[in-house]
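Undergrad: give me a 3D structure for the following:
(chains A and B)
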Amino acid sequence: GAGVSQSPSNKVTEKGKDVELRCDPISGHTALYWYRQSLGQGLEFLIYFQGNSAPDKSGLPSDRFSAERTGGSVSTLTIQRTQQEDSAVYLCASSLASGTAYNSPLHFGNGTRLTVT
Amino acid sequence: EDQVTQSPEALRLQEGESSSLNCSYTVSGLRGLFWYRQDPGKGPEFLFTLYSAGEEKEKERLKATLTKKESFLHITAPKPEDSATYLCAVQAGNTGGFKTIFGAGTRLFVKA
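TA: Okay, here's the model as predicted:
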C-alpha cells in the first residue's frame, strides 16, 4: 500500500520568504508527527496531531513555525520569514490510533530537504 | 525532562564482527521503546517495538533487548548492507497523546 508521502522532496528558498511543506499520511492513520533533522543530527520533535484532539505544539522552535491538519488527513507545515538556521530535512510520520497501552510504530516519509539561502 | 541517549555516536566494524548499540532513557510513563534504521536520504524505517523490561525481539542479524533504564541492539555477524544509522525512540505520556522522542542515533559502518 501507499506509504507516507511528502512534497516537495527538495525546496530552496531565500531568507525571509515563507514556505509550505506538505504531508500525506497513510490512510486510516490518526496520529501525525512532524520532525526536523539537521545534518548528522537526530530527530527533533516539532508537533503532533492525534485525531480531533488539540495538537501538541511543544516542539515548535518559534512562532514562525505553524502546522495544520485538515480533515484528519493531509498536514501542512508552514515556516514564515525563513532563516538560514531553518535549513534541515523535515520529516513527517503517521501511525495508527494512539492512546492505548500498545502503540503502533511511526511510518515515515522521505522528508523535504529545505535549504534557505 | 524526558531524555533518550544513544552510544556510541559511530561504530566501525569488520564484516562478521558482532557488537551492541546502547540506548539509555529517562521518561515518565513509558509506553514503548522503538528501534529504527535510517539510510542516507531516506526516512527512518521501523525495526522493533519493546514494551516491558525483559522483552526481546529478533530479526535476521538484529536482536533488541529492554531493561528499565536502557535498551540494546545487538548485531550478530554484521554485513556491509547493515551499514546505516540506527535510531532509538521512546513513546511516553501519562495523559491523552503520546509524544515520541528520538535519540541522536548511532552511525554503523560495516566494512567487507
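Undergrad: quick one: find the helix or strand in chain B with the lowest mean pLDDT.
TA: The element with the least model confidence among the helices and strands of chain B, by mean pLDDT, DSSP states H and E, is strand B:99-102, at a mean of 84.
Undergrad: mind listing what's buried along the following helix or strand past that strand?
TA: Note on strand B:99-102: by DSSP states H and E, the next helix or strand toward the C-terminus is strand B:106-111. Neighbour counts over strand B:106-111 (16 or more other CB atoms under 10 Å in any protein chain shown) mark B:106-108, B:110 as buried. To be clear about C-beta, it is placed using only N, CA and C from the backbone, and glycine gets the same treatment.
Undergrad: looking at these, spot the one nearest chain A.
TA: Nearest to chain A among those: B:Arg107, at 8.3 Å, using CB to the nearest CB.
Undergrad: could you find the closest non-adjacent residue to that closest one?
TA: B:Ala10 (4.5 Å; CB to CB, 6 or more residues apart in numbering or on different chains).
Undergrad: now for the residue of chain A found nearest chain B, how many residues are close by?
TA: Relative to chain B, the nearest point of chain A is A:Phe108 (3.1 Å; CB to the nearest CB). A:Phe108 sits with 23 neighbouring residues when counted by other CB atoms under 10 Å in any protein chain shown.
Undergrad: same question for the one 4 residues further on.
TA: Taking other CB under 10 Å as the neighbour definition, A:Thr112 ends up with a count of 22.
Undergrad: so what's the most centrally placed residue in chain A up against?
TA: Averaging the C-alpha coordinates of chain A gives a centre point, and the residue nearest to it by CA atoms, centre = their mean is A:Trp34 (2.7 Å). Counting by CB atoms under 8 Å, 6 or more residues apart in numbering or on different chains, A:Trp34 makes contact with A:23, A:46-48, A:67, A:75, A:77, A:90-92.
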